[in-house]
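Visitor: I'll drop the sequence and a predicted model, then ask my questions.
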Amino acid sequence: MSNWWAAMTGENDAQGTRTDRYTAGWIYYFSNTLLLEGDYEWFQSRGSAALPPNRFVVQLSYGF
């Protein structure tokens, strides 16, 4: 069994900088006690204290 998700969040520091964060991910259940999950995140930032352009994050984890 597997699940997929997607999300978008935004932050505004009230000083003119806006950062948007996008996430897409999945969880694969091998059993009810063993799972594998991963996600992919990217950022867009605009303003006077903006982050460097388009940061990408890839994460992979497992649990039991």
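Guide: Now that the structure is in, tell me what you want to look at.

Visitor: what is the mean pLDDT for stretch 43-59?
Guide: On average, the pLDDT along stretch 43-59 is 73.

Visitor: for it, measure first residue to last.
Guide: Stretch 43-59 has an end-to-end distance of 15 Å (Cα to Cα, to the nearest Å).

Visitor: any idea how far it is from the chain center?
Guide: Stretch 43-59 sits 12 Å away from the centroid of its parent chain (Cα atoms, centre = their mean, to the nearest Å).

Visitor: next one: stretch 2-22
Guide: On Cα atoms, centre = their mean, the centre of stretch 2-22 falls 9 Å from that of its chain.

Visitor: next up, phi/psi of the closest residue to Ala49 other than its chain neighbours, please.
Guide: Closest residue to Ala49 apart from its sequence neighbours, by Cβ to Cβ, 6 or more residues apart in numbering: Thr17 at 4.6 Å. Heads up, the C-betas are built off the backbone N, CA and C, glycines and all. Backbone torsions of Thr17, given as degrees, to the nearest 10, read phi -110, psi 130.

Visitor: was I right about Thr17 contacting Gly47?
Guide: Yes: applying Cβ atoms under 8 Å as the test, Thr17 and Gly47 come out as touching, 3.2 Å apart.

Visitor: which SS class is Ala49?
Guide: At Ala49 the chain is in coil, as set by DSSP: H, G, I helix; E, B strand; the rest coil.

Visitor: and it, how many neighbours?
Guide: Applying other Cβ atoms under 10 Å, we find 10 residues neighbouring Ala49.
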